[in-house]
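Colleague: Sequence first, predicted model second:
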Amino acid sequence: MAEDEAILALLGEAKRLAQEYRKLTGKPLGITGEVAEYEAARILGIELTPARQAGYDAVERSNRTTRLLQIKGRCLLDNCKPGQRLGSIRGTCQQE
């Protein structure tokens, strides 16, 4: 658990730096995807694949099914419109 706590602390600092960078430059720092992947894996209990895996970011295994997951993240600014929509992504399922 100490490693998870260290990663969460590091991501917290990275998010703070990304917010400061956006405030100064008006441009995103580009860490949203990595943060989203780690948080999805932590919350959903899925297994992340190695970096730069073509086509998917994580694997979810249950009984006889393996699902390949693509994780997308989005930074919503304080002044964004409520109800901004995200596109949907179809799942891929493999029988073992």
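Modeller: Okay, I see it.
Colleague: Any regions of the protein where pLDDT drops low?
Modeller: 1, 82-96 (pLDDT under 70).
Colleague: can you point me to the longest helix in it?
Modeller: Of all segments of type helix in the chain, defined using DSSP state H, the longest is helix 2-25.
Colleague: Next secondary structure element downstream of it?
Modeller: Downstream of helix 2-25, the next assigned helix or strand under DSSP states H and E is helix 32-44.
Colleague: from the middle of its chain, how far away would the helix or strand that that next one is followed by be?
Modeller: Following helix 32-44 in sequence order, the next helix or strand is strand 47-48 (DSSP H and E). With Cα atoms, centre = their mean, to the nearest Å as the basis, strand 47-48 stands 11 Å off its chain's centre.
Colleague: can I assume K15 is in contact with V35?
Modeller: Yes: the pair K15 / V35 is scored as a contact, 6.6 Å apart, by Cβ atoms under 8 Å. (Glycine included, C-beta is placed from N, CA and C.)
Colleague: and the most centrally placed residue in the chain, what is it in contact with?
Modeller: The residue lying closest to the centre of the chain (Cα atoms, centre = their mean) is A36, at 1.6 Å. If you count contacts by Cβ atoms under 8 Å, 6 or more residues apart in numbering, A36 has them with 71-74.
Colleague: Lovely, talk soon.
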